[in-house]
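Peer 1: sequence first, then the predicted structure:
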Amino acid sequence: MKESEKMKELINQIIQDLGANKPIDGILLKTQVVAHKLKNEEFLQWVKNEQNGYEDMRTVPDYRKIGCTVKALISIPFRGMINMTIPILPTGNDKIDSWFQHKCIVNSLYEIENMCRGHETEELSSPLPAFLYAKVKERLYQGTIENASVHFSASATLGIINIFKSKLLDFFLRLDDEINEGLDFSQLTDVQRKVTQIMNNTYNINAAVANTGSGAVTATNINASNFSIVSEEQKNKINELVAELEQKSQKYNNEDLKSAIDSVKNEIAKPSWDKRLLRMAFNAINGIATGIAANQLSPIVMQALSAL
């Protein structure tokens, strides 16, 4: 078997695993094998970081930055201890402001899954670095800070996995296209050029979630055996739900969300639908929407998933 055929087989296995929503640890192991064979340092480092966690905060991609609030336990004379949510006020320093607006999730995907699965309705927290206590103090009119912490949604944190999966699926679908068009893995220079092109021009893992379409699922070049028969009743229901998703998402002006919904629209416009990729696409929409519109969009997504 040629190297290109071996790679195509492994890539198709990963695509199948992503569509079937298999556990993330197994998907990462297979992806690590592909990353090693591709010999693209950017892709390999990204996979390792997602598998093992990010050691350098500066390399954390924007889709791992979750909206947060800062809460503090304040000791006030004659009143005792009071828990307070600290108001977000600009300091003029973007780096300082980001600590009060976003929590960078550096944990591995496996840790995120174990930490959040089954606790989606709960709130997570981590200590606020001590050097920011002075900034918290500026927002208080009285009292002494006993401790302060950053609070963020477990559901939004779990959504990182769905965004990662959708990006990974997009990458492998595009790479599979290149293999079908004759990409020869014995020609390392050509492989490097194509992988870099996918990473930089159509993938861009470090792009801000709110400003890119790279989180979308692209349902192209799937083997015909993956397609499933969908009844007219199912089609009508899905079309209604997608129209509702599109209408309600417009007010959020989020390009990733729009692109993910467009991917679903492209798939349901075809004569035959791939249910696994549609499920993956709807899961991606849910992950993207969690941090901005969970109460509005998640119930619609759940209905769509139930209808498939």
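Peer 2: Received, thanks. Small disclaimer: the values here were computed from a predicted structure and weren't measured.
Peer 1: quick check: what element follows whichever strand or helix holds residue 156 along the chain?
Peer 2: For residue 156, the host element (DSSP states H and E) is helix 154-180. Beyond helix 154-180 in the direction of the C-terminus, DSSP H and E gives the next helix or strand as helix 188-197.
Peer 1: my guess is residue 60 meets residue 50, correct?
Peer 2: No. Judged on CB atoms under 8 Å, residue 60 makes no contact with residue 50 at a distance of 10.6 Å. To be clear about C-beta, it is placed using only N, CA and C from the backbone, and glycine gets the same treatment.
Peer 1: when those two are compared, which one has more neighbours?
Peer 2: Between residue 60 and residue 50, counting by other CB atoms under 10 Å, residue 50 is the more crowded of the two (25 against 18).
Peer 1: so who does the more buried one touch?
Peer 2: Going by CB atoms under 8 Å, 6 or more residues apart in numbering, residue 50 touches 28, 108-109, 164.
Peer 1: again, only using 6 Å
Peer 2: Contact analysis of residue 50 by CB atoms under 6 Å, 6 or more residues apart in numbering lists residue 109.
Peer 1: so where does it fall, helix or strand?
Peer 2: helix 41-52.
Peer 1: what about the helix holding residue 156, distance to the chain center?
Peer 2: How far helix 154-180 lies from its chain's middle: 8 Å, per CA atoms, centre = their mean, to the nearest Å.
Peer 1: run through the neighbouring helices and strands of it.
Peer 2: Applying 3 or more CB pairs under 6 Å, 6 or more residues apart in numbering; DSSP states H and E, we find helix 154-180 packed against helix 3-19, helix 109-116, helix 275-307.
Peer 1: can we see that at 7 Å?
Peer 2: On a contact count with 3 or more CB pairs under 7 Å, 6 or more residues apart in numbering; DSSP states H and E, helix 154-180 meets helix 3-19, strand 65-76, helix 109-116, strand 123-127, helix 275-307.
Peer 1: of those, which shows the lowest average pLDDT?
Peer 2: For these, mean pLDDT drops lowest on helix 275-307, to a mean of 74.
Peer 1: the inter-axis angle of that helix versus helix 3-19?
Peer 2: 10 degrees (axes from the mean of the first three to the mean of the last three CA atoms, to 10 degrees).
Peer 1: now do helix 275-307: distance to the chain's middle.
Peer 2: 12 Å.
Peer 1: next one: stretch 36-52
Peer 2: Counting by CA atoms, centre = their mean, stretch 36-52 comes out at 17 Å from the chain centroid.
Peer 1: so for it, what gets flagged as buried?
Peer 2: 38, 40, 43-44, 46-47, 49-51 (16 or more other CB atoms under 10 Å).
Peer 1: kindly report the same for stretch 165-182.
Peer 2: Neighbour-count burial for stretch 165-182 [16+ other CB under 10 Å]: 165-176, 178-179.
Peer 1: closest to residue 300 out of those?
Peer 2: Minimum distance to residue 300 across the buried residues of stretch 165-182 is 17.7 Å, recorded for residue 166 (CB to CB).
Peer 1: now that closest one. Nearest residue, chain neighbours left out?
Peer 2: residue 284 (3.7 Å; CB to CB, 6 or more residues apart in numbering).
Peer 1: so how far is residue 278 from the one you found?
Peer 2: Distance, residue 284 to residue 278, by CB to CB, to the nearest Å: 11 Å.
Peer 1: those two - which one has more neighbours?
Peer 2: In terms of neighbours (other CB under 10 Å), residue 284 is the more surrounded of residue 284 and residue 278; the figures are 30 against 25.
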